[in-house]
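**Student:** Curious how this folds, go ahead:
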Amino acid sequence: MPRLLPAPAYFASLPKVISSAAVILRDETGRVLIEDPNYKPHWLLPGGSVDPGEDPRQTAEREVREELGLEVQVGRLLTVDWKGSDAMRSSPMGVHFLFDAGVIPAAELEASVVVQQEELDGWRLVPEAELGMLGRWNAARARRALAVLHGTASVDLVAE
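**Tutor:** Down below sits the predicted model:
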């Protein structure tokens with residue numbers, strides 16, 4: 001009869017999976033808040049990697065607070081994306097959550113946002129037509145999330 005590995009050895013043998021959480025945060029006209037990171041060539045949705053001991057909603061709230069100085073209550077799940085490992089990307093597998101962070105009037109955002117200088121060069125509100133600034137993968141995620149918010153799609157797992 002084969003012997004099973006002890007739990008620590010078994011878990012260490014499994015592939016690594018990273019996890020992240022981001023938000024769709026809109027103004028009263030439906031524009032989406034995006035960030036200009038100083039470490040990537042394209043803009044991003046507010047969010048980041050899930051830390052040990054956090055659930056993805058907590059991560060999303062923490063990242064918005066750290067990056068933009070905003071206290072938001074993250075709402076419903078809008079999309080989940082699965083990215084398998086890829087030798088071309090040289091990155092591990094990952095599951096990426098995208099949540100609704102609601103609506104904050106543009107004037108309130110202008111008065112309240114404090115950009116985290118270590119990671120961001122700025123932020124802006126963009127209409128759906130300009131989400132291409134996020135890059136192909138993030139733009140597709142944002143558009144699917146908006147479709148869920150508009151009631152023309154349902155939450156689903158998207159695998160790449």
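**Student:** Start from the N-terminal end of the protein and give the strands.
**Tutor:** With DSSP state E as the criterion, the chain has strands at 17-26, 32-37, 47-49, 77-83, 93-103, 120-126, 157-159.
**Student:** what's near enough to touch residue 43?
**Tutor:** Going by C-beta atoms under 8 Å, 6 or more residues apart in numbering, residue 43 touches 34-37, 133-135. Just so you know, the C-beta spots here come from the backbone N, C-alpha and C atoms, and that holds for glycine as well.
**Student:** Show the buried residues in those residues.
**Tutor:** Buried members of these, counted by 16 or more other C-beta atoms under 10 Å: 34-37, 134.
**Student:** With pLDDT added, can I get those in TSV?
**Tutor:** Below are these laid out as TSV (pLDDT from 0 to 100):
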residue	pLDDT
34	98
35	98
36	97
37	96
134	97
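**Student:** strand partners of the helix or strand of the chain with the lowest mean pLDDT, parallel vs antiparallel please.
**Tutor:** None of the helices or strands of the chain scores lower by mean pLDDT, DSSP states H and E than strand 157-159, at a mean of 82. Its sheet considered, strand 157-159 pairs with strand 77-83 (parallel) by DSSP bridges.
**Student:** what's the partner strand in contact with?
**Tutor:** Here strand 77-83 has contacts from 24, 91, 93-100, 137, 141, 144-145, 148-149, 155-160, using C-beta under 8 Å, 6+ apart.
**Student:** Quickly note the distance from residue 131 to residue 66.
**Tutor:** 23 Å (C-beta to C-beta, to the nearest Å).
**Student:** quick one: which of the two has more around it?
**Tutor:** Set side by side, residue 131 and residue 66 show more neighbours around residue 131, with 20 against 14, by other C-beta atoms under 10 Å.
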